[in-house]
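Trainee: Sequence plus predicted model, see below.
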Amino acid sequence: MAKVIIVGDGPGGLSAALYLAKLEMDVTVFGVDQTDMHKAMLYNYLGIPEMTGSQFQKIARQQVIDLGADLQKKLVTNIVKTGNEFTVTTEEGRQHESKYVILAEGKGVKLSTDLGLTTKAQNVPVERGGYSDINGLFVIGRSTNILRSQAIISAGEGAATGLEILSAELGRDVRDFDSV
């Protein structure tokens, strides 16, 4: 299956990585674990009565690694789309190719605007499932609704986007439901 690069390692990016890696997609997450989740206290995340954002990040990162995703502690400085492929450049100048890119930039939208996506009131407008105006590029999480961001919403958007990519690659609707 196709390679997916995720830029951002907060709840949205990690959730997308979880779904993709669990169903054996080749997924790499770039981020430096400086998400605002480290400032958060979770009281309103369904299934978690109480947890610090840092605890959440630690557990989520390990869960994604255990499922086979590649987490790289690097900043992405540039993304270019050529034909049906993206070239992602990291801070040390190394380039990585992929068929899909998921941007989970948080409250910053630099890479989104560099790629030519327009913003409205600091938000990157996308279709349901994270679809942007650029084929193969998805935008999820806080950058799609900066004033109404919640960890659980970002994680849900990441899951939905992961399932959209899996469905496109497999040519059928994919749902991820495990039985006891």
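Mentor: All right, it came through fine.

Trainee: remind me which residues of the chain are low pLDDT?
Mentor: Residues of the chain meeting the criterion pLDDT under 70: 1.

Trainee: mind running it again at 90?
Mentor: Across the chain, the ranges flagged by pLDDT under 90 are 1-2, 44, 106-109, 116, 118-123, 125, 145-150, 175-180.

Trainee: now the helices: where do they sit in it?
Mentor: 11-22, 53-66, 110-114, 151-170 (DSSP state H).

Trainee: Can you tell me which of these is most buried?
Mentor: Comparing those by mean neighbour count (mean count of other Cβ atoms under 10 Å), helix 11-22 ranks first with a mean of 28. Backbone N, C-alpha and C define where each C-beta goes, glycine included.

Trainee: What are the contacting residues of that one?
Mentor: 4, 6-7, 27, 29, 31, 35, 37, 56-57, 60-61, 63-64, 67-69, 71, 102, 104, 138, 140-142, 151-152, 154-159, 161-163, 165-166, 176 (Cβ atoms under 8 Å, 6 or more residues apart in numbering).

Trainee: now it and helix 151-170, what's the angle there?
Mentor: 30 degrees (axes from the mean of the first three to the mean of the last three Cα atoms, to 10 degrees).

Trainee: now helix 11-22, how far from the centre of its chain.
Mentor: 7 Å (Cα atoms, centre = their mean, to the nearest Å).

Trainee: repeat for stretch 13-26
Mentor: 9 Å.

Trainee: So the residue nearest to Leu67 when sequence neighbours are not counted versus Tyr45, what's the distance?
Mentor: With Cβ to Cβ, 6 or more residues apart in numbering as the criterion, Leu67 has its nearest non-adjacent residue at 4.1 Å, and that residue is Ala21. As judged by Cβ to Cβ, to the nearest Å, Ala21 and Tyr45 stand 21 Å apart.

Trainee: Repeat that for Gln63.
Mentor: In terms of Cβ to Cβ, Gln63 sits 15 Å off from Tyr45.

Trainee: same deal with Gln95?
Mentor: 36 Å.

Trainee: So for those two, which residue has more residues nearby?
Mentor: When Gln95 is set against Tyr45 and neighbours are counted by other Cβ atoms under 10 Å, the residue ahead is Tyr45, at 17 against 10.

Trainee: the strands in the chain, which residues?
Mentor: For the chain, the strands defined by DSSP state E cover 3-7, 26-30, 41-42, 51-52, 70-72, 76-82, 85-90, 95-98, 100-103, 137-139.

Trainee: by contact count, what packs against the last one?
Mentor: In other words, strand 137-139. Strand 137-139 makes packing contacts with strand 100-103, helix 151-170 when contacts are defined by 3 or more Cβ pairs under 8 Å, 6 or more residues apart in numbering; DSSP states H and E.
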